[in-house]
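*Asks:* The following block contains a protein sequence and its predicted model.
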Amino acid sequence: MNLLGLLLMLGQDAAPPTTADVSQKEIAVAAAEAVESARIYANCAGWWDFLATHERDAGRPASAEQFKNLGNGAQTAALWLHGQAYALTATKPARYKTWLPLVAPLREGAAIRAAAMAEHGKIDLVRSELQRCETLLESQQRAIDSIRNDTVQQELDAAGSAD
């Protein structure tokens, strides 16, 4: 099972997983992998930002907006992954934006690195990084969908308790 699948499965339980379901070592490994994956998505957010800037400078505003949205989605996936890692062992809830100070600098740094590589003609490296980020788009969307589903469920739970 992949990391995202494991996190989605664990996140569906109302109560935290017990050691009978998943060992503490497996939880620690999943949390560490989630944090590492969050770093990758945060970097991808910066690469998408670089591409958005390039498209804007080339006079393609719709394309620039599309790439900016991909960057925002990658950042959201990174925040979600940090939140999932935290939730594996946490005793109280936290908002996704809690991890923004960990994600935002990586996003900004990746955009600067991408621009520097492009300035120095390292187009093959830029292209390979963007291709790597492109391969993550499906799982990025699953993370965003999970956040949306959680939000809807919270609204339904709140409406149910108000009745």
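*Replies:* Structure's in. What do you need? Bear in mind that the values here come from a model prediction, so they are computed numbers and not experimental data. Residues are numbered from 1 along each chain as shown.

*Asks:* quick one, strands of the protein?
*Replies:* Here the chain has no strands by DSSP state E.

*Asks:* What confidence value was assigned to residue 127?
*Replies:* Here, the pLDDT recorded for residue 127 equals 93.

*Asks:* how far away is it from residue 134?
*Replies:* Distance from residue 127 to residue 134, counting by CB to CB, to the nearest Å: 10 Å. Using the backbone N, CA and C atoms, a C-beta is placed for each residue, glycine as well.

*Asks:* neighbour-wise, which of the two wins?
*Replies:* A direct count of neighbours by other CB atoms under 10 Å for residue 127 and residue 134 places residue 134 higher, at 14 against 10.

*Asks:* Grab the longest helix from this protein for me.
*Replies:* For the chain, the helix with the greatest residue count under DSSP state H is helix 24-57.

*Asks:* For residue 155, see how far away residue 161 is.
*Replies:* Distance, residue 161 to residue 155, using CB to CB: 11 Å.

*Asks:* Between those two, point out the one with more neighbours.
*Replies:* residue 155 (10 against 7).

*Asks:* so what's the residue lying closest to residue 79 once chain neighbours are set aside up against?
*Replies:* With CB to CB, 6 or more residues apart in numbering as the criterion, residue 79 has its nearest non-adjacent residue at 4.2 Å, and that residue is residue 96. Shown in contact with residue 96 (CB atoms under 8 Å, 6 or more residues apart in numbering): 76, 79, 80, 82, 83, 147.

*Asks:* number of nearby residues for the residue lying closest to residue 86 once chain neighbours are set aside?
*Replies:* Among residues not flanking residue 86 along the chain, residue 94 sits closest, at 6.0 Å (CB to CB, 6+ apart). Residues near residue 94, counting by other CB under 10 Å, number 12.
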